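Trainee: structural data only, the sequence is not supplied:
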């Protein structure tokens with residue numbers, strides 16, 4: 001744990017980032033070995049139900065590019081309010097070799113020093129699998145609907161709606177961002193944007 005990112009989020013103006021920061025900074029100060037790099041990202045007044053958050057998107061971009069090796073949050077729900085999305089995010093972070101620390105929920109910590117890390121990731125993967133079939137069916141229905149409307153699914157353009165549907169379908173089938181990028185002849189960053197970004201207008 002050498003290059004870490006601290007991520008804070010509050011949903012409303014009535015909430016205060018100070019309590020999160022005080023707890024996380026206290027945890028950071030008590031580390032026996034200090035990281036060489038500490039970045040701080042925030043999203044204020046944005047619901048955790050949405051992935052289209054500036055701070056969150058920057059956080060994931062840094063993870064994809066391996067600019068950080070650990071993400072630290074106050075609680076898991078600061079990363080996402082949706083438990084399924086949060087679990088999938090943790091599995092994606094593992095693909096990038098990025099650890100995860102929830103300061104107030106040590107049982108969820110997936111730092112590289114955690115001896116139970118692989119077991120926990122396997123359990124999370126099993127939970128994600130439970131919903132995968134539903135997601136695949138939903139995406140396939142979308143593809144069928146697009147075909148019935150006469151929409152061409154070959155998608156010659158990199159940022160078309162059809163490319164987004166295809167990328168999300170492949171992700172729902174369990175492919176990593178890297179594998180999807182290779183199959184679709186896109187960069188990993190482009191694939192990540194297609195899968196996690198806002199819907200592209202037709």
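Mentor: Looks like it came in fine. All of these numbers come straight from a predicted model, not from anything done at the bench.
Trainee: so which elements touch the strand or helix carrying residue 166?
Mentor: Element membership for residue 166 (DSSP states H and E) is helix 161-172. Helices and strands touching helix 161-172, by 3 or more C-beta pairs under 8 Å, 6 or more residues apart in numbering; DSSP states H and E, are helix 117-148, helix 177-184, helix 188-196. (Each C-beta comes from the backbone N, C-alpha and C, glycine too.)
Trainee: these: which one's closest to residue 47?
Mentor: Among the helices and strands packed on helix 161-172, the nearest to residue 47 by C-beta to C-beta is helix 188-196 (15.5 Å).
Trainee: so which elements touch the closest one?
Mentor: helix 54-64, helix 161-172, helix 177-184.
Trainee: let's see that with 6 Å instead.
Mentor: helix 161-172, helix 177-184 (3 or more C-beta pairs under 6 Å, 6 or more residues apart in numbering; DSSP states H and E).
Trainee: what's that helix in contact with?
Mentor: Helix 188-196 is contacted from outside by 51, 64, 164, 167-168, 171, 177-178, 180-181, using C-beta atoms under 6 Å, 6 or more residues apart in numbering.
Trainee: for the residues you listed, pick the one with the most neighbours.
Mentor: In terms of neighbours by other C-beta atoms under 10 Å, the contacts of helix 188-196 top out with residue 167 at 26 neighbours.
Trainee: residue contacts, that one?
Mentor: 180, 191, 194-195.
Trainee: ok so, going back, least reliable of the helices and strands packed on helix 161-172 going by mean pLDDT?
Mentor: Among those, helix 117-148 has the lowest mean pLDDT, at a mean of 72.
Trainee: that's all I had, so thanks and see you.
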